[in-house]
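S.K.: return atomic coordinates for the entry below.
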Amino acid sequence: MKVHFIAVGGSAMHNMAIALHKKGFSVCGSDDEIFEPSKSRLAKHGLLPTKEGWNPELISAELDAIILGMHAKKDNPELLKAQELGLKIYSYPEYVYEQAKDKKRVVIGGSHGKTSITSMILHVLQHQNIAFDYLVGAQLEGFETMVSFTDAPIMVIEGDEYLSSPIDRRPKFLWYKPQIAVLSGVAWDHINVFPTFDNYVEQFELFSKTIEPEGLLTYFYGDEELKKIADSTSGIRLRPYTTPTHRIENGITSVGTNFGWLPIKVFGEHNLQNMMAALNVCVELGIEEQDFYQAIQSFSGAAKRLEEIARSEKTVVYKDFAHSPSKLKATSAAVKKQYADKKVIACMELHTFSSLNKTFLKEYSGCMSATDEAIVFFNPKTIQHKGLETISKQDVEDAFLPSKVTVYDDAQLVTSYLKSQNLDNSVVLLMTSGNFDGLNLNEFAQELV
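M.R.: Just a heads-up that it's a prediction; the model follows:
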């Protein structure tokens, strides 16, 4: 198979290119900008384009498939050439389904927790020596790529509700047609695509209708929208889950099970709920409950999902991908509950289209109230780059009320402030889907401790 990637430098795209290359496909691609770590990883496998930019001359009738990334535009010259030649053009999720259509497909959807649930399932399957393919939204320890295509009979897919491609405006997860599906919760996001809450919820209703007949939907019973969706389904099996019995002693969370209290490395109610979703999936895949719990005890979390990045006797630093209001609230509360005897300083970056949208800002009301000190950073240049209405520090401060936040629009002021603080008996939580204007969070964390 000869496959060409338009916008090969993307996080998901370059991982798929490597996965197909490892499967024996002839792979080429192009992009107008490729950053690290994509650049080095593509180069390692001999897949880095010789020059940046779009090259219509690479598009010929010899290609079996074109895979189109979201970074490309509708008028991309390579896309236009492919359309002119009548080549088969796939979106990223469409091609994932093409590789997985003969497998048992597990799809994890929801506004939050997708990567963590997917990672937990993969961890347990690997622990049980069960062969599987996967698509996950973060680089996981022990996995070279975020995508794997082999002859395994199972594929575990993190199901994103964002758009499939520039010419396919359907959510990605509508492509996958799972036999086993998870919905973790619904909290409005992607306001640039789904302008109202009802419109956003509708995507998850549509997803529930893609589950194969007699398939399983496991969902968080504490989410009212998910209960409505479950009640409206037919022809599939339902298995709700809730927050398990747990306790925190000496900074360690343990879960109550039929086999006694089991200490685990992750913490926070969302992570405990995620674990229950993973348990339901693994049991459906034939894994004994006791084997699941034995395996999950060694799970330390997914990258950037409440990931501990520095620790000393007096200070702990975490980083987290949290950026939407629900994620921010849950992560902040989880850290404070886990470290009730320490000062929790939470610092988050408004970076996404939704978070920087003046209309959407009010959704952040009260979401950092669990912390002892809250800091919010945004870069005015990012707002300008996204073509959004200007917001002020006062706008942000008002939006977060009744949470009291200190707002900065200069990343250097944030880092200088944190470095100047006495962080004895403190936990610092750095939350962003960006990087605080190019800050190396791991190195900065080491400086803080």
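
S.K.: C-alpha from now on. contacts and neighbour counts both.
M.R.: Fine.

S.K.: helix, strand, or coil at Glu205?
M.R.: Here Glu205 is helix, with the state taken from DSSP: H, G, I helix; E, B strand; the rest coil.

S.K.: can you tell me the closest non-neighbouring residue to it?
M.R.: For Glu205, ignoring the flanking residues on the chain, the nearest one in space by CA to CA, 6 or more residues apart in numbering is Ile229 at 5.9 Å.

S.K.: doesn't Gln203 make contact with the one you found?
M.R.: No - using CA atoms under 8 Å, Ile229 is not in contact with Gln203, being 10.7 Å away.

S.K.: looking at the helix or strand where Ala346 lies now, give me its mean pLDDT.
M.R.: Assigned by DSSP states H and E, Ala346 falls within strand 343-350. Average pLDDT, strand 343-350: 96.

S.K.: show the pLDDT at Ala303.
M.R.: 68.

S.K.: same deal with Trp188?
M.R.: Predicted confidence (pLDDT) for Trp188: 85.

S.K.: go on, the one 4 residues further on?
M.R.: What the model reports as pLDDT for Asn192 is 80.

S.K.: how about Gly142?
M.R.: pLDDT, Gly142: 80.

S.K.: can you read off the backbone torsions of the residue nearest to Glu205?
M.R.: Main-chain dihedrals, Ile229, degrees, to the nearest 10: phi -60, psi -50.

S.K.: number of residues surrounding Thr406?
M.R.: 16 (other CA atoms under 10 Å).

S.K.: now do the phi/psi pair for the nearest residue to Glu288 once chain neighbours are set aside.
M.R.: Counting by CA to CA, 6+ apart, Glu288 lies nearest to Cys282, which is 8.0 Å off, once chain neighbours are set aside. Cys282 adopts backbone torsions of phi -60, psi -40, taken as degrees, to the nearest 10.

S.K.: ok, Cys282 - contacts?
M.R.: For Cys282, the contacting residues are 121, 124-125, 288, 292, by CA atoms under 8 Å, 6 or more residues apart in numbering.

S.K.: just flag the most distant two among those residues.
M.R.: The distance between the two most remote of the contacts of Cys282 (CA to CA) is 13.2 Å, for Ile121 and Glu288.

S.K.: more neighbours, the two?
M.R.: Ile121 (25 against 12).

S.K.: wait, the more buried one touches Ala278, no?
M.R.: Yes - assessed by CA under 8 Å, Ile121 is found in contact with Ala278 at 5.4 Å.

S.K.: burial check on Lys172, number of neighbours?
M.R.: So Lys172, with other CA under 10 Å, has 22 neighbours.

S.K.: cool, the one 5 residues further on as well?
M.R.: Residues near Lys177, counting by other CA under 10 Å, number 23.

S.K.: where's it relative to Ile121, distance?
M.R.: For Lys177, the distance to Ile121 equals 18 Å [CA to CA, to the nearest Å].

S.K.: residues contacting Ala411?
M.R.: Residues near Ala411 by CA under 8 Å, 6+ apart: 377-379, 436-437.

S.K.: filter these down to the ones in strands?
M.R.: Using DSSP state E, the subset of the contacts of Ala411 located in strands is 377-378.

S.K.: which of the contacts of Ala411 sits closest to Pro49?
M.R.: Once CA to CA is applied, the member of the contacts of Ala411 that ends up nearest Pro49 is Asp437, at 27.1 Å.

S.K.: got the contact list for that closest one?
M.R.: By CA under 8 Å, 6+ apart, the contact list for Asp437 reads 379, 411.

S.K.: how close does it get to Gly260?
M.R.: 46 Å.

S.K.: sorry, back to before: in CSV, list the contacts of Cys282 along with pLDDT, secondary structure and distance to Glu62.
M.R.: CSV is the format used below for the contacts of Cys282 (pLDDT from 0 to 100; DSSP: H, G, I helix; E, B strand; the rest coil; distance: CA to CA, whole Å):
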residue, pLDDT, secondary structure, distance to Glu62
Ile121, 97, helix, 39
Val124, 97, helix, 41
Leu125, 97, helix, 39
Glu288, 98, coil, 48
Phe292, 98, helix, 47
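
S.K.: count the neighbours of Leu226 for me.
M.R.: Leu226: 23 neighbours (other CA under 10 Å).

S.K.: numbering from 809 from now on, please.
M.R.: All right, first residue 809 from here; so that's Leu1034.

S.K.: enumerate every residue touching it.
M.R.: Leu1034 neighbours (CA under 8 Å, 6+ apart): 991, 993-994, 1027-1028.

S.K.: quick one: it from Ser1177, how far?
M.R.: Counting by CA to CA, the gap from Leu1034 to Ser1177 is 26 Å.

S.K.: pull out the buried residues from the contacts of Leu1034.
M.R.: Among the contacts of Leu1034, those classed as buried by 16 or more other CA atoms under 10 Å are 991, 993-994, 1027-1028.
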